[in-house]
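# the amino acid sequence is not available; the structure is as follows:
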């Protein structure tokens, strides 16, 4: 069942990103719905689930929105998924604030790692300013925190049935 809901979440992320890219290209660069899915999978399922969700999310993101090197987003999302999953098994990250902070740090790390890998492959990636980087991380954290709480409430309601 976990695989099914991860696939549904990735499909929803693809739809959100595609719609945002068409309607508002500026904010579409700031919001990363694939990262929201990867971080949630890492928090809820541990390292393996976070890595596999990161691999799938990164590949979908690269194929649909990426540049000349397919797999760059996949690599960054795998690393982020593993890191979040490892942290979630070692620390108590159940509150909305803690999860939003994890998402903030994950968004910072994902963006910085992508920029460094792009420069290693000599790809032209537009680096974000410090303000842009912090606003991107804050936007993802502000949207992800309530979404995670909503998902947890729904899962808890289904578990009671």
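Alright, I've got the coordinates. Because the structure is a prediction, the values reported are computed rather than measured.
# where does this protein dip in pLDDT?
Within the chain, the stretches with pLDDT under 70 are 67-68.
# tell me the helix or strand right after the helix or strand where residue 53 lies.
Per DSSP states H and E, residue 53 falls inside helix 33-65. Moving toward the C-terminus from helix 33-65, the next helix or strand (DSSP H and E) is helix 72-90.
# point out the other elements, helices or strands, that that following helix touches.
Contact partners of helix 72-90 among helices and strands, from 3 or more Cβ pairs under 8 Å, 6 or more residues apart in numbering; DSSP states H and E: helix 33-65, helix 96-120. In this view, the C-beta of every residue, glycine as well, is placed from N, C-alpha and C.
# ok now the longest one, how far from the chain's centre?
Think helix 33-65. 6 Å (Cα atoms, centre = their mean, to the nearest Å).
# elements contacting it?
Against helix 33-65 (3+ Cβ pairs under 8 Å, 6+ apart) you get helix 2-23, helix 72-90, helix 96-120, helix 130-160.
# between the ones you listed, which one is nearest to residue 50?
The closest of the helices and strands packed on helix 33-65 to residue 50 is helix 72-90. By Cβ to Cβ, the value is 3.3 Å.
# and the most centrally placed residue in the chain, how far from residue 157?
Residue closest to the average C-alpha location in the chain (Cα atoms, centre = their mean): residue 35, at 0.8 Å. Residue 35 is 26 Å from residue 157, where distance means Cβ to Cβ, to the nearest Å.
# circling back to that earlier point, most tightly packed of the helices and strands packed on helix 33-65?
Mean neighbours per residue, mean count of other Cβ atoms under 10 Å, is largest over the helices and strands packed on helix 33-65 for helix 72-90, with a mean of 22.
# touching that one from outside, list them.
With contact meaning Cβ atoms under 8 Å, 6 or more residues apart in numbering, helix 72-90 is reached by 34-35, 38-39, 41-55, 57-59, 61-62, 66, 93, 102, 106, 109-110, 113-114, 117-118, 121, 123.
# now, of those residues, which are buried?
The neighbour-count test (16 or more other Cβ atoms under 10 Å) marks 34-35, 38-39, 41-47, 49-55, 57-59, 61-62, 66, 93, 102, 106, 109-110, 113-114, 117-118 as buried among the contacts of helix 72-90.
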